[in-house]
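Chemist: got a sequence here, can you model it:
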Amino acid sequence: MLLGFLLFYVGAVLFLNGLWLMGKIEDREIVVINVVSGLVAGAVVLQGAFGTGADGASIRAAALTLMFSTTYFWVAYNRLVAVDGRGLGWFSLFVAITTVPVFLRAIAAAASLSEIWLALNWLVWGILWFMYYLLLARGRPILPQTAWVTLLAGIFTGWLPGFLLLDGLM
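Modeler: Here you go, the predicted structure:
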């Protein structure tokens with residue numbers, strides 16, 4: 001259930017950030033969903049790393065989830081102080097590299113369709129973070145493509161599966 005809760009907000013923030021990158025939402029307005037999603041992911045991190053029953057697997061999951069939370073807070077910060085985002089771009093490269101072994105480990109250990117789906121999500125998120133690196137740190141002219149990948153990733157790796165998990169359908 002906690003995964004559904006988290007993915008639901010990952011979907012919301014990615015979908016809205018995609019619209020923001022398309023120029024459909026103002027810079028200052030996008031701060032709200034990034035802060036809310038950062039707090040949601042942060043709560044999952046705290047529960048996973050320090051809650052009752054925390055173990056090596058939950059601490060590992062919390063460390064990986066913290067990459068999401070940090071990204072959302074960083075986007076919000078950048079919109080409030082109006083910086084160019086290069087720091088977030090370099091952080092995105094760090095995260096993109098980190099997703100490679102996460103994806104490989106997950107796909108190798110996948111024993112069900114849902115585990116394959118989750119592994120593929122890590123691949124998609126890694127590509128997305130790499131696109132943010134190219135866009136923000138390297139200045140590549142890929143804003144429209146990044147916007148669409150962000151929006152679609154929000155729907156298919158976040159909102160839809162999060163909604164289905166919350167409804168007990170997945």
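
Chemist: from Arg105, how far out is the residue most central in space within the chain?
Modeler: By C-alpha atoms, centre = their mean, the chain has its centre lying nearest to Phe68, at 4.5 Å. Distance of Phe68 to Arg105, computed by C-beta to C-beta, to the nearest Å: 18 Å. Backbone N, C-alpha and C define where each C-beta goes, glycine included.

Chemist: can you check Gly89 too?
Modeler: The value you get for Gly89 to Arg105, if C-beta to C-beta is used, is 26 Å.

Chemist: more neighbours, these two?
Modeler: Gly89 (19 against 12; other C-beta atoms under 10 Å).

Chemist: what residues sit buried inside the helix or strand harbouring the more buried one?
Modeler: Assigned by DSSP states H and E, Gly89 belongs to helix 86-109. Using 16 or more other C-beta atoms under 10 Å as the test for burial, helix 86-109 gives Leu88, Gly89, Phe91, Ser92, Leu93, Val95, Ala96, Thr98, Thr99, Val102, Phe103, Ala106.

Chemist: distance from it to the middle of the chain?
Modeler: Here helix 86-109 is found 11 Å from its chain centre; the criterion is C-alpha atoms, centre = their mean, to the nearest Å.

Chemist: then stretch 9-25?
Modeler: That offset, for stretch 9-25, works out to 12 Å (C-alpha atoms, centre = their mean).

Chemist: so what's the closest residue to Arg79 other than its chain neighbours up against?
Modeler: Sequence neighbours aside, Asp27 is the residue nearest to Arg79 in space, at 4.5 Å (criterion: C-beta to C-beta, 6 or more residues apart in numbering). Asp27 is in contact with Trp20, Arg79, Ala82, counting by C-beta atoms under 8 Å, 6 or more residues apart in numbering.

Chemist: let's see if you can find the most crowded of these.
Modeler: Top of the contacts of Asp27 by neighbour count (other C-beta under 10 Å): Trp20, with 23 neighbours.

Chemist: dump the residue contacts of it.
Modeler: By C-beta under 8 Å, 6+ apart, Trp20 lies in contact with Glu26, Asp27, Glu29, Ile30.

Chemist: surely Leu16 is in contact with Val32?
Modeler: No - using C-beta atoms under 8 Å, Leu16 makes no contact with Val32, being 9.0 Å away.

Chemist: please enumerate the shared neighbours of these two.
Modeler: The contact sets of Leu16 and Val32 do not overlap (C-beta under 8 Å, 6+ apart).
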